[in-house]
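Engineer: what's the 3D shape of this:
(one chain, ligands or ions: 1)
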Amino acid sequence: MNVTKVAEGTYLLSVNVDNILFEGLWEIPNGVSLNSYIIKGEKTAIVDGVCGWDGVPESLFALLDELSIAPESIEYLIINHMEPDHSGWIEDFKKINPNFKVLCSKKSAELLEAFYEHTDNVICVKDGDTLDLGNNHVLEFYEIPNVHWPDTIVTFDTLTGTLFSCDAFGSFGRATDSNYDDLLSNEQIDFYEKEAVRYYSNIVAAFSLPVKKAIEKCGGLPIKIIAPGHGIVWRRNPNKIVEDYLRYASYQKGPAKEEITIIWGSMYGMTEKAVQCVIKVLEQEKIRFHVHRVPETSWGTILASAWTSTGIILAMPTYEYKMFPPLAAALEELGKKKVWGRKAFRFGSYGWSGGAQKELDEIMCKHCMNWDFLEPVEFKGNPRDSDLELIENRVRTLVNEVRALINK
Ligand code: FEO
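Structural biologist: Okay, here's the model as predicted:
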């Protein structure tokens, strides 16, 4: 938890959250920061609060205290996006300061009433509306719907060139006292880049088209600083995170990177034998790859590597005439997040009969995934040498296809 200066009259109040599932669903092994921003002109505004997880409002109030800002002196609460990780503290804030005004989109106002029954002093803003805080801090608002909820706006301070972008350009990963790209080493930036991929694929991926539209819309602003609701603030090179986000959005339809993700499960070790063989082949091919066993690996981890991978290998036994259930569940989630247009290959063991293909086809069709599969290899019980040889050949073909697509 810390307070740092972003720019003239602008401060970041960052609170880390660990040991939760984000949105009640996503594993965050490296935590996440919840960022609020204070803008001090003649009047004071706070951009986004933080959620009401135990202790967080108190932490935020302590940070305000460090800045010698009495919560009662905050005149405006700007809600860029009403999801409770940014607005969940409003009820606590109300107890201290009942007279603040809320600025948000019309859709946020509806959600604010639905979630917190809050309707007092709500000012709805739309594209191009402004708020003058004095001392030249004139704020502009722009709607970027569906990044990540339909209500989302960004706030732009024309004095400092700071874009308060909420979920856009965010990442997972705890904040440190040096939560700025200009204060971090290349290794630390790499860490946040990985966390940004995880964040993007888990939280924003399904909205990649709105992300592209938002980037187009904000492209004309003279942005000097990007200050997101999660992750680090970009002051030295704000363009980097914009380009990263554009690239992540482009991965939706494929191709992505020259990488392969293996998602596999095994009941009695038969499919696993073939997986071990595939790993050796990928090592020989010197292609970057990720290996995730289900159900042991969380959806969030699988999504993060599937999002950046152009090739996907599915390895599983059939189970009661269908796909191995945890693999089917993971694949459904990839479909919902719109992991489309991958080069793919499936293999695995069966005991009674096949049956995985029908369910696989149904999932692909249901989510319009458009994966280009090589002919699958299924073997009864234990894989024989001939099965392993066939699998090896298909995997080498997949590697070649991935490389050809990337280098096209
Ligand atoms: Fe960070 Fe969509 O909330």
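Engineer: This structure against the ligand: which residues are in contact?
Structural biologist: Within reach of the ligand by Cβ under 6 Å from any ligand atom, the chain has these residues: 81, 83, 85-86, 148-149, 167, 229-230. All C-beta spots, glycine's among them, are computed from the backbone N, C-alpha and C.
Engineer: how about those residues, which pair is most distant?
Structural biologist: The span of the residues of the chain next to the ligand, defined through Cβ to Cβ, is set by 149 and 230 at 14.3 Å.
Engineer: which one of those two has more residues nearby?
Structural biologist: With neighbours defined as other Cβ atoms under 10 Å, residue 149 and residue 230 compare such that residue 230 has more, 26 against 18.
Engineer: What residues does the more buried one make contact with?
Structural biologist: 32-35, 167, 170-172, 199 (Cβ atoms under 8 Å, 6 or more residues apart in numbering).
Engineer: Kindly indicate which of these lies nearest the ligand.
Structural biologist: Nearest to the ligand out of those is residue 167 (Cβ to the nearest ligand atom; 4.4 Å).
Engineer: Can you tell me the closest non-neighbouring residue to that closest one?
Structural biologist: residue 148 (4.5 Å; Cβ to Cβ, 6 or more residues apart in numbering).
Engineer: Check residue 22 too.
Structural biologist: What sits nearest to residue 22 in space, not counting adjacent residues and going by Cβ to Cβ, 6+ apart, is residue 28, at 5.1 Å.
Engineer: Can you name the residues that contact the one you found?
Structural biologist: 17-18, 20-22, 172, 300.
Engineer: how close does residue 144 sit to the ligand?
Structural biologist: According to Cβ to the nearest ligand atom, to the nearest Å, residue 144 and the ligand sit 12 Å apart.
Engineer: Contact partners for that residue?
Structural biologist: Residue 144 touches 152-154, 168, 210, 213-214, 217-218, counting by Cβ under 8 Å, 6+ apart.
Engineer: Just the buried subset of the residues you listed, please.
Structural biologist: Buried members of the contacts of residue 144, scored by 16 or more other Cβ atoms under 10 Å, are 152-154, 168, 210, 213-214, 218.
Engineer: where do the strands sit along the stretch 101-250 of the chain?
Structural biologist: Using DSSP state E, counting those that start in this stretch, the strands of the stretch 101-250 of the chain run over 101-104, 122-124, 130-132, 138-143, 153-157, 162-166, 225-228.
Engineer: residue of the stretch 301-408 of the chain with the smallest distance to the ligand?
Structural biologist: residue 337 (14.6 Å).
Engineer: Show me the helices in the stretch 1-150 of the chain, by range?
Structural biologist: With helices called from DSSP state H, counting those that start in this stretch, the stretch 1-150 of the chain shows them at 56-66, 84-87, 90-96, 106-116.
Engineer: Check those helices for me: which has the lowest mean pLDDT.
Structural biologist: Lowest mean pLDDT within those: helix 56-66, a mean of 75.
Engineer: what's it in contact with?
Structural biologist: Here helix 56-66 makes contact (Cβ under 8 Å, 6+ apart) with 1-3, 13, 15, 17, 34, 36, 38, 49-50, 70-71, 74, 88-89, 92-93, 96.
Engineer: Count residues in the vicinity of residue 108, would you?
Structural biologist: When neighbours are counted by other Cβ under 10 Å, residue 108 registers 26.
Engineer: just checking, it touches residue 151?
Structural biologist: Yes: taking contacts as Cβ atoms under 8 Å, residue 108 lies within contact range of residue 151: 4.1 Å.
Engineer: now the helix or strand of the chain with the lowest mean pLDDT: how far from the chain's centre is it?
Structural biologist: Scoring the helices and strands of the chain by mean pLDDT, DSSP states H and E places helix 56-66 at the bottom, with a mean of 75. How far helix 56-66 lies from its chain's middle: 26 Å, per Cα atoms, centre = their mean, to the nearest Å.
Engineer: Show me what the helix or strand harbouring residue 344 packs onto, helices and strands only.
Structural biologist: For residue 344, the enclosing helix or strand under DSSP states H and E is strand 343-350. Using 3 or more Cβ pairs under 8 Å, 6 or more residues apart in numbering; DSSP states H and E as the contact test, the elements touching strand 343-350 are helix 270-285, strand 309-315, strand 318-319, helix 356-366, strand 372-373, strand 377-380, helix 385-406.
Engineer: again, only this time at 6 Å
Structural biologist: If contacts are counted by 3 or more Cβ pairs under 6 Å, 6 or more residues apart in numbering; DSSP states H and E, strand 343-350 sits against helix 270-285, strand 309-315, strand 377-380, helix 385-406.
Engineer: and the angle from it to helix 356-366?
Structural biologist: Here strand 343-350 runs at an angle of 150 degrees relative to helix 356-366 (axes from the mean of the first three to the mean of the last three Cα atoms, to 10 degrees).
Engineer: so what strands line up beside strand 343-350?
Structural biologist: In the sheet, strand 343-350 lines up against strand 309-315 (parallel), strand 372-373 (parallel), strand 377-380 (parallel) (DSSP bridges).
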